[in-house]
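1. whatever this is, show me its structure:
(2 chains, ligands or ions: 7)
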Amino acid sequence: MQASRARLFKEYKEVQREKSADPDIQLICDDSNIFKWTALIKGPSETPYEGGVFQLAFAIPEQYPLLPPQVRFLTKIFHPNVHFKTGEICLDILKNAWSPAWTLQSVCRAIIALMAHPEADSPLNCDSGNLLRSGDIRGYRSMARMYTRLAAMPKKG
Amino acid sequence: MESEEDMHDANDWESVGEDLYSDYGEEGSEVYVEEGDDFFCNSNFDDSKDVMVVREKPFTVLSEDDIRQRQEEDISKTVAILSISKAEAFILLRHFKWDENRVNDEWFANEVAVRRAIGLLENRVEIPKLMELSIDHLTCGICFETYPPNMMSAAACGHRFCGACWQGYIGTSISNGPGCLTLRCPDPSCSAAILQDMINFLATDEDKEKYARFYFRSYVEDGRKIKWCPAPGCDFAVEYYKGSANYDVSCSCSFSFCWNCTEEAHRPVDCSTVAKWILKNSAESENMNWILANSKPCPKCKRPIEKNQGCMHMTCTPPCKFEFCWLCLGVWSEHGERTGGFYACNRYESAKKEGVYDEAERRREMAKNCLERYTHYYERWASNQTSRQKAFADLQSMRNEKIAKLREIIKEEESQLSFVIDAWSQIVECRRVLKWTYAYGYYLPDHELARKHFFEYLQGEAESGLERLHQCAEKELQVFFDALPDSPPTKEFCAFKTKLAGLTAVTRTYFENLVQALENGLEDVSSASQVAGSSTSKSQSTKGKAGKNKAAKLAVPQISPDDYWACDRCTFNNHPSAKRCEMCSHHQ
Ligand SMILES: [Zn+2]
Ligand SMILES: [Zn+2]
Ligand SMILES: [Zn+2]
Ligand SMILES: [Zn+2]
Ligand SMILES: [Zn+2]
Ligand SMILES: [Zn+2]
Ligand SMILES: [Zn+2]
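-> Ligands and ions are numbered 1, 2, ... in the order given. Okay, here's the model as predicted:
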């Protein structure tokens, strides 16, 4: 508990200090609870998520960083490795490939990479996975694009 | 009375060329002792060579010390051949499932690839070299605190972390199970293996112990040759040598299991059938609860009767004293040989047709046909399971106390009483086989009528033979315990001994042949059932690739009664091939 608090505090200071280090990621610590974070990440360019801003929620266990944080999308996203209803993410580094040397920042980077390189073979979203596996790239892109517009982009008046 | 009838059965085997167990004889029981020579005439001894020869066991039981010793030896050999450390040899052997030959082949074929796959670096990144750069503080990659370099540790790769973080990292991994044996450096870009010396240097004492336990267990669990005995609380393991005909092994704790699937020994049924059956039982178990109830109403007076003895012959408590069969609740006397039929309780189809007893009617209302069919097999499977457990408990109490009591009453040497233990051991084994024949029967296709009928015939014979042995070992033996100690019933006991030993031998042979016949899928059913059905045909059909008809052998005696020799010392009738008495080891 003490170790995880100390470590999160260091990550917090680092985030404050290097605010502009990665313009695609904005990490925000909950005012009252250092074990609750959110992040805003920009959809990577040349993907159907481009132009969208996606919100992630982090729930951090007391054994962090020995155990990985639990991360899910708060913003609706159409992606084979993200559960369409719950926002749960299937990503190896959040499970068995976790290393305590990872940080919240590097987790965000890994999620952005996952958005650009979906893994159709371990789908949490079967519709999306099936489109990709059947080679219907256009179908997948247009669905993903539609949800990016609907959920991740500011509404134009 | 019933014991007298049984003596007929035991005695009349010569008349039953076609039918090992049924009894059509009329002689009184007194002749039984004189005719002892005929006793074994139709226990099918053409196969008994296998029984006599001490078979080379295809397995070895290993204690923890044995396993530890073998693991040490394997590691030392690899250390010597590849010139690597013990901890490295462990990682390497574990990776290749403790197959030394494969380790050597792969290593000498492509050492670089093997090293990369398991995270063994060729050269250690030397920390002193970094010291020369006069760095006085380093940041730990886990807690992000800074420490002087000497307070940090690294694996061969040189990625340094502080002691507290290492301890947490290793502890988390160990608490997740044996995966800690392939632990890698915490740096995400690095795959250097964390070896046992490192664990012992950095982990808590408790974690070191747990790690050592996983390290030891890996030799069994990751290897291909050894498996733990599945009996609860048993620490033995069994090494199995491939290429044996069946997977049945028995552990030093006395538990027998199938080495292949680690379920309880299940010959003559194969592993996949057992898996299906077990799954089926768990899926249906909620419906089965009402069947599992250990009591049934007496078919006559309707009072609940609990099954307390191992055999299926039930007697209601006084004053009713109604004798009935536990399985079908039918009158026991109708089960006997007098009615001309064999023990009929395996006959699901006929039981269904008759539909005479209450329970069948109740069942018909309660369940659809398929469940009913399953119920039939399951209930008999479970009954034999329970009987087997009871028989096993009886065997234990026989060994531990009753034999001593019997010695006092009969005034015999303990070695002279070993036939009682043999009988009970045989009952336990037969209950096991019989139990699995019900799973076998359940999966026999309904449309293969000839096979099904022949199967039920063989099973019925097995059942009544075992029932007879069980009854003899249970109820007839009891008579001697009730005898007064001052008048030892020596003569009666002698007769009893011959009978029980004979029943044991015959039943053993029958069941061994039954297992083989079922394992062969009852091939040559038609010719075999011809033999079984006709009392005139004693010739053996020799169709099929094996050149022998196992099924027919079940019923046809191959050795004439004259070939047996009676022991001078104990009068036991021995098989012609035996040089010493099978009972008392006296020379012929
Ligand atoms: Zn540290
Ligand atoms: Zn490393
Ligand atoms: Zn055991
Ligand atoms: Zn098996
Ligand atoms: Zn009664
Ligand atoms: Zn019955
Ligand atoms: Zn003898």
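
2. going forward, measure contacts and count neighbours with C-alpha atoms only.
-> Noted.

3. is the longest helix seen in chain A in proximity to ligand 1?
-> Taking DSSP state H as the criterion, chain A has its longest helix at helix A:2-17. No. On the criterion C-alpha under 5 Å from the ion, helix A:2-17 is out of touch with ligand 1, staying 9.0 Å away.

4. just the buried positions in that helix, please.
-> Across helix A:2-17, burial judged by 16 or more other C-alpha atoms under 10 Å in any protein chain shown covers A:3-5, A:7-8, A:11-12, A:15.

5. which members of those residues additionally contact chain B?
-> Restricting these to those within reach of chain B (C-alpha under 8 Å from any C-alpha of the partner chain) leaves A:3, A:7.

6. can you redo the buried residues of helix A:2-17 as TSV with pLDDT?
-> Output for the buried residues of helix A:2-17, formatted as TSV (pLDDT from 0 to 100):
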residue	pLDDT
A:3	88
A:4	91
A:5	93
A:7	94
A:8	95
A:11	93
A:12	92
A:15	88
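
7. tell me the one of the buried residues of helix A:2-17 nearest residue B:519?
-> Using C-alpha to C-alpha, residue A:4 is the member of these that lies nearest residue B:519, at 61.3 Å.

8. distance of the closest one relative to residue B:174?
-> Residue A:4 is 19 Å from residue B:174, where distance means C-alpha to C-alpha, to the nearest Å.

9. again with residue B:81
-> Separation of residue B:81 from residue B:174 (C-alpha to C-alpha) stands at 30 Å.

10. more neighbours: which of those two?
-> Neighbour count, other C-alpha atoms under 10 Å in any protein chain shown: between residue B:81 and residue B:174, residue B:174 has more, with 20 against 10.

11. and the more buried one, which helix or strand is it part of?
-> Using DSSP states H and E, residue B:174 sits in helix B:163-175.

12. export that helix to PDB, keeping only CA atoms.
-> Extracted in PDB, the C-alpha atoms of helix B:163-175 (Å, rounded to 0.1, in the frame of the first residue of the first chain):
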ATOM      1  CA  GLY B 163      16.000  -5.200  -2.900                       C
ATOM      2  CA  ALA B 164      12.400  -4.400  -1.800                       C
ATOM      3  CA  CYS B 165      11.100  -4.300  -5.300                       C
ATOM      4  CA  TRP B 166      12.900  -7.600  -6.200                       C
ATOM      5  CA  GLN B 167      11.300  -9.200  -3.100                       C
ATOM      6  CA  GLY B 168       7.800  -7.900  -4.100                       C
ATOM      7  CA  TYR B 169       8.300  -8.900  -7.700                       C
ATOM      8  CA  ILE B 170       9.500 -12.400  -6.900                       C
ATOM      9  CA  GLY B 171       6.800 -12.800  -4.200                       C
ATOM     10  CA  THR B 172       4.000 -11.800  -6.500                       C
ATOM     11  CA  SER B 173       5.100 -14.300  -9.100                       C
ATOM     12  CA  ILE B 174       5.500 -17.200  -6.600                       C
ATOM     13  CA  SER B 175       2.100 -16.500  -5.200                       C
END
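
13. would you mark the buried spots in the following helix or strand past that helix?
-> With elements assigned by DSSP H and E, the helix or strand that comes after helix B:163-175 is helix B:196-202. Residues of helix B:196-202 classed as buried by neighbour count (16+ other C-alpha under 10 Å): B:196, B:198-199, B:202.

14. near chain B, which residues of chain A?
-> Residues of chain A lying near chain B by C-alpha under 8 Å from any C-alpha: A:3, A:6-7, A:10, A:65-67, A:99-102.

15. okay if I get those as a markdown table plus distance to ligand 7?
-> As requested, the residues of chain A next to chain B are arranged in a markdown table below (distance: C-alpha to the ion, whole Å):
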| residue | distance to ligand 7 |
| --- | --- |
| A:3 | 79 |
| A:6 | 83 |
| A:7 | 82 |
| A:10 | 87 |
| A:65 | 76 |
| A:66 | 72 |
| A:67 | 72 |
| A:99 | 73 |
| A:100 | 75 |
| A:101 | 78 |
| A:102 | 79 |
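
16. appreciated, that's everything.
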